[in-house]
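# no sequence for this one, just the structure:
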């Protein structure tokens, strides 16, 4: 499966309301879901450090994979709401990272380095 296929398939499972005129709900819903799921991942990693000295078990890896899937779903929905292609976003990100690596700016701060 490629990113565009994934984006089309996830759209079929997006059941949130898109009609609230007083709130930018179509964009806000996936943004809030994205940060919520990212927080769940952070919480699981925190507990891995707290309870397991940073060693990730097979079961924890499985749970993290599920959460990463949820993150991907929300990224896909946000991309769709913004009328952006997930394939294009991924391709442009790789081009940006290759450019940064070539120029020796892969580390550091700032979006436009």
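Thanks, I have the structure now. These numbers were taken from a predicted model, which means no experiment stands behind them. Numbering: from 1, shown residues only.
# rest of the way, CA atoms for contacts and neighbours
OK.
# What residues sit buried inside stretch 91-111?
Using 16 or more other CA atoms under 10 Å as the test for burial, stretch 91-111 gives residue 96.
# If you could redo that for stretch 80-87, that was the one I meant.
Buried, per 16+ other CA under 10 Å, within stretch 80-87: 80, 81, 86, 87.
# Check these and tell me the two furthest apart.
Taking CA to CA, the two most distant members of the buried residues of stretch 80-87 are 81 and 87; they sit 14.7 Å apart.
# which of the buried residues of stretch 80-87 lies closest to residue 69?
Using CA to CA, these come closest to residue 69 at residue 86, 14.5 Å.
# residue contacts, that closest one?
Residue 86 sits next to 3, 4, 7, 76, 79, 80 when contact means CA atoms under 8 Å, 6 or more residues apart in numbering.
# And residue 64, by the same measure?
41, 44.
# Which helix or strand contains residue 16?
Assigned by DSSP states H and E, residue 16 belongs to no helix or strand.
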